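Trainee: model the following, please.
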Amino acid sequence: MMHRGMTVPVRTLRDVEDDPVELGSGDRWTLLSFLRYASCPSCLLHVRELVVKHEQLAAAGIDVAVVFHSPVERIRHHTKRLGVCFRMVADPERLLYREFRVAASWPKLLGSFLRPSFVPAYAKSLLYGFWGGGVDGEFARMPADFVIDNHGGIVLVRYGSHIGDHVRVADVIALRERRQLAAGGVA
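Mentor: As a prediction, this is how the structure comes out:
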């Protein structure tokens, strides 16, 4: 597993438009969120949350990039109505998932369905029209989030314990603000 204090194994990715995505560059940090397949209802809920909170993240100096293990066309199809304003990366071969050690887990997947929070979250995803669809890649893939500083250092890691387990946006922003204060206003 990756952990805080490590340097990211890859500094530049390619997004669904084939443009470069720099991980932690200049004075910007990056929230790199590994999701499951593009039609995954809980993943689309997370994408929606990131869209809603994008301005807060951007104002705090944090860029967002999400990775799906789906092909580009499926990512575009399932996210087109969400107004995504950040970078999305297709990794159908799951090379980045291996680099960042983002694993599949059948026990965690099954446990996801038994969590008390699963039914309300699934109902919420249905209300937003996230009905699911074909599975690209591994159904049991768990999510993971990495916050990368402007030098490529990992400052926060969260490997999901269930399919809807992501770092809270407020926690990412608070971490950035604490680091800026500790550095005398510069991070």
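
Trainee: what ranges do the strands span in this structure?
Mentor: 12-14, 20-22, 29-34, 62-68, 87-90, 144-148, 154-159 (DSSP state E).

Trainee: strand partners of the fifth one, parallel vs antiparallel please.
Mentor: Pointing back at strand 87-90 there. strand 62-68 (parallel) (DSSP bridges).

Trainee: the strand it pairs with to strand 144-148, inter-axis angle?
Mentor: Going by axes from the mean of the first three to the mean of the last three Cα atoms, to 10 degrees, strand 62-68 is angled at 150 degrees with respect to strand 144-148.

Trainee: any low-confidence regions in the chain?
Mentor: For the chain, applying pLDDT under 70 flags the ranges 185-187.

Trainee: now the helices for this protein?
Mentor: Applying DSSP state H to the chain gives helices spanning 41-52, 54-59, 72-79, 95-99, 106-114, 118-127, 169-182.

Trainee: what's the first-to-last distance across stretch 57-72?
Mentor: 25 Å (Cα to Cα, to the nearest Å).

Trainee: and it, what's buried?
Mentor: 57, 60-72 (16 or more other Cβ atoms under 10 Å). The way it works is simple: take the backbone N, C-alpha and C, and place the C-beta from them, glycine included.

Trainee: test my guess that residue 49 contacts residue 169.
Mentor: Yes - the criterion here is Cβ atoms under 8 Å, and residue 49 meets it with residue 169 at 6.8 Å.

Trainee: okay, the two: which has more neighbours?
Mentor: A side-by-side neighbour count of residue 49 and residue 169, using other Cβ atoms under 10 Å, places residue 169 first with 20 against 13.

Trainee: find the residue closest to residue 37 in space, skipping its chain neighbours.
Mentor: residue 136 (4.3 Å; Cβ to Cβ, 6 or more residues apart in numbering).

Trainee: same question but for residue 133, I mixed them up
Mentor: For residue 133, the spatially nearest residue (Cβ to Cβ, 6+ apart) is residue 39, at 3.4 Å.

Trainee: do residue 128 as well
Mentor: Spatial nearest neighbour of residue 128, excluding adjacent residues (Cβ to Cβ, 6+ apart): residue 48 at 6.4 Å.

Trainee: enumerate every residue touching residue 106.
Mentor: Applying Cβ atoms under 8 Å, 6 or more residues apart in numbering to residue 106 gives the contacts residue 140.

Trainee: how much space between it and residue 116?
Mentor: Counting by Cβ to Cβ, to the nearest Å, the separation of residue 106 from residue 116 is 20 Å.

Trainee: same deal with residue 167?
Mentor: In terms of Cβ to Cβ, residue 167 sits 20 Å off from residue 116.

Trainee: quick revisit: state the distance from the residue nearest to residue 37 to residue 38.
Mentor: For residue 136, the distance to residue 38 equals 6 Å [Cβ to Cβ].

Trainee: returning to that earlier point: give me the neighbour count for the residue nearest to residue 128.
Mentor: 18.
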